[in-house]
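K.L.:
Need the 3D shape of this:
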Amino acid sequence: ERELDMAIGYIAITSRGMGADSCVRTVDWAIRHREHIVAVDLADGEKLYPMQDFIKPILKAKDAGLKVTIHSGEDTPASYVMDTIKNFKPDRIGHGIHSIEDMRAVEMLKEHNITLEVNPWSNYLTNGVRTIEEHPLKKLFDLGVKVTINSDDPEVLETNLNNEYRIAHEVLGMSLDEIATCNRFAYEASFIPAAEKQRVWEKYFQR
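P.N.:
Next up is the predicted model:
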């Protein structure tokens with residue numbers, strides 16, 4: 001933060017693949033250290049691990065004042081996103097791109113003011129979309145869903161935010177103003193305390 005003049009917030013990630021007990025331990029740890037942790041994130045494949053096993057600990061984190069983001073709708077249909085919203089009441093959803101397949105999911109995202117953390121190149125590499133040209137980032141944006149543009153895991157996926165912006169602009173046809181709006185969505189949905197993120201926003205992003 002000091003070196004690059006950034007605002008940073010830590011999210012404790014719990015993986016479905018490590019089981020419900022691991023999720024409980026991660027959530028309890030995050031609650032104990034919530035002066036340093038801003039949120040919990042439930043990650044890993046939805047198809048393989050029952051949602052029911054993780055609802056109670058995730059809601060416990062939410063009740064303790066932590067924000068919640070859930071990986072959903074990357075390689076699963078829109079129905080999974082709707083179930084995620086109903087059961088977890090998340091603040092954000094990781095990926096969520098298959099919401100585009102059902103307007104009920106789109107409307108639920110808008111109604112509940114849920115922001116999608118969208119990662120175009122990652123979604124292509126993991127076969128979330130068949131081709132990068134088919135990625136629904138702009139379609140979701142045009143429908144009024146709050147979408148953000150992210151790099152997911154830049155070291156593993158050999159990408160960065162500049163590349164994701166390039167894809168959004170050159171491949172998916174988003175204007176620079178639309179990309180700037182996505183950045184505003186990211187600022188508004190950030191779990192970092194308001195005063196900390198506002199300073200960075202006003203210095204580098206506000207126009």
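K.L.:
Which strands or helices does the helix or strand of the chain with the lowest mean pLDDT pack on?
P.N.:
Lowest on mean pLDDT, DSSP states H and E among the helices and strands of the chain sits helix 154-157, with a mean of 87. Using 3 or more C-beta pairs under 8 Å, 6 or more residues apart in numbering; DSSP states H and E, the elements in contact with helix 154-157 are helix 120-125. From N, CA and C alone the C-beta is placed, and that goes for glycine too.
K.L.:
can I get the CA coordinates of the helix or strand just after the helix it packs on in PDB?
P.N.:
Scanning the chain past helix 120-125 towards its C-terminal end, the next helix or strand to appear is helix 137-142 (assignment: DSSP states H and E). Taking Å, rounded to 0.1, in the frame of the first residue of the first chain, the C-alpha atoms of helix 137-142 are listed here in PDB:
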ATOM      1  CA  LEU A 137     -19.600  -9.100 -20.300                       C
ATOM      2  CA  LYS A 138     -21.100  -6.300 -22.500                       C
ATOM      3  CA  LYS A 139     -24.500  -8.000 -22.800                       C
ATOM      4  CA  LEU A 140     -24.800  -8.100 -19.100                       C
ATOM      5  CA  PHE A 141     -23.600  -4.500 -18.900                       C
ATOM      6  CA  ASP A 142     -26.200  -3.400 -21.500                       C
END
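K.L.:
quick one: buried residues of helix 137-142?
P.N.:
Judged by neighbour count using 16 or more other C-beta atoms under 10 Å, the buried positions of helix 137-142 are Leu137, Lys138, Leu140, Phe141.
K.L.:
and the least confident helix or strand of the chain, which residues are buried?
P.N.:
By neighbour count on 16+ other C-beta under 10 Å, the buried set for helix 154-157 is Pro154, Leu157.
K.L.:
before we move on, the earlier item: could the buried residues of helix 137-142 be laid out in a markdown table, adding pLDDT and distance to Gln198?
P.N.:
Compiled in a markdown table, the buried residues of helix 137-142 are given as follows (pLDDT from 0 to 100; distance: C-beta to C-beta, whole Å):
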| residue | pLDDT | distance to Gln198 |
| --- | --- | --- |
| Leu137 | 98 | 26 |
| Lys138 | 98 | 28 |
| Leu140 | 98 | 26 |
| Phe141 | 98 | 24 |
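K.L.:
Tell me which two of these sit farthest apart.
P.N.:
Spatially, the most separated pair among these is Lys138 and Leu140, at 7.3 Å (C-beta to C-beta).
K.L.:
So for Cys23, what pLDDT did the model give?
P.N.:
The per-residue pLDDT reported for Cys23 equals 98.
K.L.:
wait, doesn't Ile149 sit right on Leu140?
P.N.:
No - with contacts defined as C-beta atoms under 8 Å, Ile149 does not count as touching Leu140, sitting 11.4 Å away.
K.L.:
all helices for the chain, in order.
P.N.:
Counting by DSSP state H, the chain forms helices over residues 20-32, 52-63, 78-88, 103-111, 120-125, 137-142, 154-157, 161-166, 176-189, 194-204, given from the N-terminal end onward.
K.L.:
shared neighbours, Ile149 and Leu140?
P.N.:
Taking C-beta atoms under 8 Å, 6 or more residues apart in numbering as the contact rule, the neighbours common to Ile149 and Leu140 are Val118.
K.L.:
which of the helices of the chain is buried the deepest?
P.N.:
Per-residue neighbour counts averaged over each of the helices of the chain give the maximum for helix 120-125, namely a mean of 22 (mean count of other C-beta atoms under 10 Å).
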